[in-house]
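# make a model of this:
(2 chains)
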2 protein chains.
Amino acid sequence: MKAWAVIMAGGSGTRFWPESRKNFAKQYLSLFGRKTLLEQTFQRIIRTVPASRVIVFTSQAKANYAAKLLGIPCSQVIGEPVGRNTAPCAVWAASLILKKDPSAVIGIFPSDHYIKDKKAFTKALRVGYTQADQTGMPVTLGIKPGYPHTGYGYLKMGQKKVLCQGVPVFHLQQFCEKPKLSLAKKYVRSGKYLWNAGIFIWRADCLLETARRYLPAVFNPVVKIASGDVPASRIKNVFQKVPAISIDYGLMEKLSGQILTIPVSMGWNDAGNWAMLTKLLPMDPQGNVSLGKTVLVESSGNVIKSKDRLITAIGLKDHVVVDAGDAILVCPMHETESIRKIVAELEKRKLNHFL
Amino acid sequence: MKAWAVIMAGGSGTRFWPESRKNFAKQYLSLFGRKTLLEQTFQRIIRTVPASRVIVFTSQAKANYAAKLLGIPCSQVIGEPVGRNTAPCAVWAASLILKKDPSAVIGIFPSDHYIKDKKAFTKALRVGYTQADQTGMPVTLGIKPGYPHTGYGYLKMGQKKVLCQGVPVFHLQQFCEKPKLSLAKKYVRSGKYLWNAGIFIWRADCLLETARRYLPAVFNPVVKIASGDVPASRIKNVFQKVPAISIDYGLMEKLSGQILTIPVSMGWNDAGNWAMLTKLLPMDPQGNVSLGKTVLVESSGNVIKSKDRLITAIGLKDHVVVDAGDAILVCPMHETESIRKIVAELEKRKLNHFL
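Take a look at the predicted model:
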């Protein structure tokens, strides 16, 4: 068995506008430290998988940029002509990899999450590769939930299967949609549910076979693209007709329980919006997270991010202020999930250079 | 009698920071329309007083700038070496003017207020010059109060003296300090009180005689400076030892009731802070005053002022956001009076280029 990795770095973020833009999604931002989330993801993975066996999927516009950023050959970066969610990318990747390595086991990773404890991640990941290889089953890494979050999908653990290298591995009983708060509370209280972080490990041959059998609308065109049977000029046309569907709902759920999950505590955070920075970055004694040049007087609970200008506040409570150079965002903390409405308004007013 | 005017344009504003700076006080800002408040003041006055008889007092650093801005000779702009409030400037001006024109009547005007109704101002001003000339008494223009403001001094009207050109002129009974709210309410209810807008008209000879008799600590050194009896190199040294005192408390109050006041409604506003803009500028249907490039979604009651970048907000209520190019201010509307605390903090941190 050889471990391979696929990093999903497509999509265009709006939730970190004005820093994230159509062609500059969240994974390309340096929200924590100097490195981008994509670089951090890559660095985490190559503790386990050689850099030469990492494939990155990103938008076509960003493919060269991503290769340069990570210091890998362009041949390892696939530019998606359009975003079709994760299952088509997984099939594309598996098809490419399988040709080079029939024994490949592929880890599939989002590129825009934050993981504090790299050691815990690496340990669970290695067990994941081993289990996926030995069983042929897909393995998910599930995050032990810290609180009843209603914005994540959950993984319901079934029976314990095995203890592997000291790490318990469970059967996955069920994928659960984002719950309401009352249900999320039950989930967390029961101790049987994990957050679905979108990290999967699966043998390339098994992944492809599942797609062939259960998801032909994805399998047929995508394998043709991956095999070079579609002329370059027609790839976009073919790919955009492929159903946009995720790996978990499109492929794994078809396996009626033949899935494994590894619970892990690794300081994971999806870094989903500006408000999340209050959980991830150091705060001053007044509970402000401030980045760049700021002067805050009698202000508390804010996220303030300056690019190169001074941002000042007096008496400001629980707000987000972000200066991205050409555009400034100001909103109450509880409105950070609504930033897409600003992006929608910019689209409506055809202020395209801010998108 | 010839009408003269003195515009007081000294001081360094902090309440409109980050637009106003140490060397760029409020009167040099274009808060309403394209012209600065100083230009607007000048334009209002030269409806009554020829431009050649207008003297401007401003900081030394701004003297040339002010002359150029108003299109008047530098000889009509006096650069104050330091700010000593209005009485020393008034004495300086009266001393200069009296030498040229023994019959001069001087109007003294702040440069940083907003007056909507120029006709009403002009009418009251002309009556003021006539009354000051005929009686030798100082005349104040008092603003009919719209509501019980606690940030202004009040003028208590005494008996009516005369109806002049259809305008009633009253004896001034008392200058009143900024009142508490309960007292301010009584003032407004009684109908006998006016806001003190700092606009005075007085014969130059009477003004000087009052200063000579009651304020020798100002009169003696300042008349020497105005007469050219102090070498240029020593002017600052001499002037900064002069007591800083206002015309109303330093000179007029000494006259025990021999003062006149003209009540006037002219859409006056001291434009004292960013929050005031909500009373003076047009609002969108959500009650936002926005200047420059802005996109406001589900936001209301804000003052948003952009210089050349886009300012966006979602769900923002009753805040002030001002981008001055190198610095951005964000604060709740009710904190606009506290902006000086930011300036103090900048001073403390020695961030002098933002002062």
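# anything in stretch A:317-332 near chain B?
Yes. Stretch A:317-332 reaches chain B (Cβ under 8 Å from any Cβ of the partner chain) through A:317, A:319, A:321, A:323, A:325, A:326, A:327, A:328, A:329, A:330, A:331, A:332. C-beta here means a position set from N, CA and C on the backbone, and glycine is covered the same way.
# helix/strand/coil for the fifth one?
Translated: residue A:325. coil (DSSP: H, G, I helix; E, B strand; the rest coil).
# and the buried ones among the residues of stretch A:317-332 next to chain B, selectable in ChimeraX?
Applied in ChimeraX, the following selects the buried portion of the residues of stretch A:317-332 next to chain B according to 16 or more other Cβ atoms under 10 Å in any protein chain shown:
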select /A:317,319,321,323,327,328,329,330,331,332
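# in TSV: the residues of stretch A:317-332 next to chain B, plus pLDDT.
Shown next, in TSV, are the residues of stretch A:317-332 next to chain B (pLDDT from 0 to 100):
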residue	pLDDT
A:317	98
A:319	98
A:321	98
A:323	96
A:325	93
A:326	95
A:327	97
A:328	97
A:329	97
A:330	98
A:331	97
A:332	98
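# just put the residues of stretch A:317-332 next to chain B in a markdown table and tack on distance to residue A:5.
As requested, the residues of stretch A:317-332 next to chain B are exported to a markdown table (distance: Cβ to Cβ, whole Å):
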| residue | distance to residue A:5 |
| --- | --- |
| A:317 | 43 |
| A:319 | 39 |
| A:321 | 37 |
| A:323 | 35 |
| A:325 | 33 |
| A:326 | 35 |
| A:327 | 35 |
| A:328 | 38 |
| A:329 | 34 |
| A:330 | 39 |
| A:331 | 36 |
| A:332 | 39 |
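# pull the longest helix from chain A.
Longest helix in chain A, counting residues (DSSP state H): helix A:118-135.
# helices and strands around it, which ones?
When contacts are defined as 3 or more Cβ pairs under 8 Å, 6 or more residues apart in numbering or on different chains; DSSP states H and E, helix A:118-135 sits against helix A:37-45, strand A:104-110, strand A:139-143, strand A:154-164, strand A:167-176, strand A:193-203, strand A:260-264.
# near chain B, which residues of chain A? Just list them.
Proximity of chain A to chain B, by Cβ under 8 Å from any Cβ, involves residues A:18, A:295, A:297-298, A:306, A:309-317, A:319, A:321, A:323, A:325-332, A:334-335, A:338-339, A:341-342, A:345-346, A:349, A:351, A:354.
# could you chop chain A up by domain?
As given by automatic domain parsing, the domain ranges for chain A are A:2-269, A:274-354.
# next, residue A:29: phi, psi?
Dihedral pair for residue A:29: phi -100, psi 150, per degrees, to the nearest 10.
# how about stretch A:51-64: buried residues?
Buried residues in stretch A:51-64, counted by 16+ other Cβ under 10 Å: A:53, A:54, A:55, A:56, A:57, A:58, A:59, A:62, A:63.
# which of these sit farthest apart?
Based on Cβ to Cβ, the longest span within these runs between A:53 and A:59 and measures 22.4 Å.
# quick revisit: reformat the helices and strands packed on helix A:118-135 as JSON lines; add mean neighbour count.
Output for the helices and strands packed on helix A:118-135, formatted as JSON lines (neighbours: other Cβ atoms under 10 Å in any protein chain shown):
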{"stretch": "helix A:37-45", "mean neighbour count": "22"}
{"stretch": "strand A:104-110", "mean neighbour count": "25"}
{"stretch": "strand A:139-143", "mean neighbour count": "26"}
{"stretch": "strand A:154-164", "mean neighbour count": "17"}
{"stretch": "strand A:167-176", "mean neighbour count": "18"}
{"stretch": "strand A:193-203", "mean neighbour count": "25"}
{"stretch": "strand A:260-264", "mean neighbour count": "24"}
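# can you redo those as TSV with mean pLDDT?
TSV is the format used below for the helices and strands packed on helix A:118-135 (pLDDT from 0 to 100):
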stretch	mean pLDDT
helix A:37-45	97
strand A:104-110	98
strand A:139-143	97
strand A:154-164	95
strand A:167-176	95
strand A:193-203	97
strand A:260-264	97
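# and the nearest residue to residue A:254 once chain neighbours are set aside, how many neighbours?
Of all residues not flanking residue A:254 in the chain, residue A:214 sits nearest, at 4.0 Å (Cβ to Cβ, 6 or more residues apart in numbering or on different chains). Number of residues near residue A:214 (other Cβ atoms under 10 Å in any protein chain shown) recorded here: 15.
# ok so, going back, run the angle between the longest helix of chain A and helix A:37-45 for me.
Computed by axes from the mean of the first three to the mean of the last three Cα atoms, to 10 degrees, the angle separating helix A:118-135 from helix A:37-45 equals 60 degrees.
# would you mark the buried spots in helix A:118-135?
Buried positions in helix A:118-135, judged by neighbour count with 16+ other Cβ under 10 Å: A:120-133, A:135.
# just the CA coordinates of it, formatted as CSV?
Below are the C-alpha coordinates for helix A:118-135, written out as CSV (Å, rounded to 0.1, in the frame of the first residue of the first chain):
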residue,chain,number,x,y,z
LYS,A,118,-0.8,18.1,14.3
LYS,A,119,0.4,15.1,16.2
ALA,A,120,-3.1,13.9,17.0
PHE,A,121,-4.0,14.4,13.3
THR,A,122,-1.0,12.5,12.1
LYS,A,123,-1.6,9.6,14.5
ALA,A,124,-5.3,9.2,13.5
LEU,A,125,-4.4,9.6,9.8
ARG,A,126,-1.9,6.8,9.9
VAL,A,127,-4.4,4.5,11.5
GLY,A,128,-6.9,5.6,8.9
TYR,A,129,-4.6,4.6,6.0
THR,A,130,-3.9,1.2,7.6
GLN,A,131,-7.5,0.5,8.2
ALA,A,132,-8.6,1.6,4.8
ASP,A,133,-6.0,-0.5,3.2
GLN,A,134,-6.7,-3.6,5.3
THR,A,135,-10.6,-3.5,5.1
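# give me the element residue A:97 is part of.
In this assignment (DSSP states H and E), residue A:97 forms part of helix A:86-100.
# give me the contacts around that helix.
With contacts defined as Cβ atoms under 8 Å, 6 or more residues apart in numbering or on different chains, helix A:86-100 is touched by A:4, A:6, A:8, A:10, A:55, A:57, A:78, A:80, A:104, A:106, A:108, A:198, A:200, A:202, A:204-205, A:207-208, A:211, A:215, A:218-219, A:222-223, A:225-227, A:239, A:242-247, A:250-251.
# filter those residues down to the buried ones, ChimeraX style.
Only the buried members of these enter the following ChimeraX selection, criterion being 16+ other Cβ under 10 Å:
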select /A:4,6,8,10,55,57,78,80,104,106,108,198,200,202,204,207,208,211,215,218,219,222,223,225,226,239,242,245,246,247,250,251
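# from the contacts of helix A:86-100, which land in strands?
Of the positions in those, A:4, A:6, A:8, A:55, A:57, A:78, A:80, A:104, A:106, A:108, A:198, A:200, A:202 sit in strands, assigned by DSSP state E.
# just want the angle from the helix holding residue A:97 to strand A:193-203.
30 degrees.
# the closest residue to residue A:159 other than its chain neighbours pairs with what?
Computed as Cβ to Cβ, 6+ apart, the closest residue to residue A:159 that is not its neighbour in sequence is residue A:171, at 5.3 Å. Residue A:171 has these beta-bridge partners by DSSP bridges: residue A:260.
# for residue A:141, see how far away residue A:171 is.
Between residue A:171 and residue A:141 the computed distance is 15 Å (Cβ to Cβ, to the nearest Å).
# hang on, the earlier thing: to residue B:191, which of the domains of chain A lies closest?
Smallest distance to residue B:191 across the domains of chain A (Cβ to Cβ): 36.3 Å, for domain A:274-354.
# ends of the closest one, how far apart?
Length of domain A:274-354, first residue to last, Cα to Cα, to the nearest Å: 18 Å.
# list the contacts of residue A:71.
Contacts of residue A:71 by Cβ under 8 Å, 6+ apart are residue A:51.
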